[in-house]
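Q: sharing a sequence plus its predicted fold:
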Amino acid sequence: MASSSFRHTMCDECWYMEAIDRIPVRLVEEIREWETCCNCGKEHKSGIIIRATPNHFPCKGEHDESEH
């Protein structure tokens, strides 16, 4: 995934399907909040936030910025 100014959240399951050989960088557990995975739409608290162009995800970058 290319670096981008667009922020997306990803659940553990989608991360491991996308980047099975890499360990994700996560927010520390104390500050994680429930978010919607930009890939599958499932609610999660994985703490995984990535930067990628919107066309990479089903959300197409259309989500409430207060959530992401």
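A: Okay, I see it. Numbers count the residues shown, from 1 in each chain.

Q: around residue 32, how many other residues sit close by?
A: When neighbours are counted by other C-beta atoms under 10 Å, residue 32 registers 16. Yep, even glycine has a C-beta here, placed from its N, CA and C like the rest.

Q: what's the per-residue pLDDT of it here?
A: At residue 32, the model reports a pLDDT of 95.

Q: surely it meets residue 48?
A: No: with contact defined as C-beta atoms under 8 Å, residue 32 does not reach residue 48; the gap is 9.6 Å.

Q: mutual contacts of these two, please.
A: Common neighbours of residue 32 and residue 48 (criterion: C-beta atoms under 8 Å, 6 or more residues apart in numbering): residue 26.

Q: which residues does residue 62 contact?
A: Residue 62 sits next to residue 54 when contact means C-beta under 8 Å, 6+ apart.

Q: where does the protein have low pLDDT?
A: Applying pLDDT under 70 to the chain picks out residues 1-5, 61, 63-68.

Q: nearest residue to the middle of it?
A: Centroid check for the chain by C-alpha atoms, centre = their mean gives residue 9 as the closest residue, at 1.9 Å.

Q: residue 43 is in contact with that one, correct?
A: No: with contacts counted by C-beta under 8 Å, residue 9 stays clear of residue 43, the gap being 10.0 Å.

Q: ok, for residue 40, nearest residue in space, not its chain neighbours?
A: Nearest residue to residue 40, sequence neighbours excluded (C-beta to C-beta, 6 or more residues apart in numbering): residue 14, at 5.4 Å.

Q: what about the one you found, neighbour count?
A: By other C-beta under 10 Å, the residues close to residue 14 number 21.

Q: did I read that right, it in a helix?
A: Yes: Residue 14 sits within a helix when classified using DSSP: H, G, I helix; E, B strand; the rest coil.

Q: cheers, nothing more for now.
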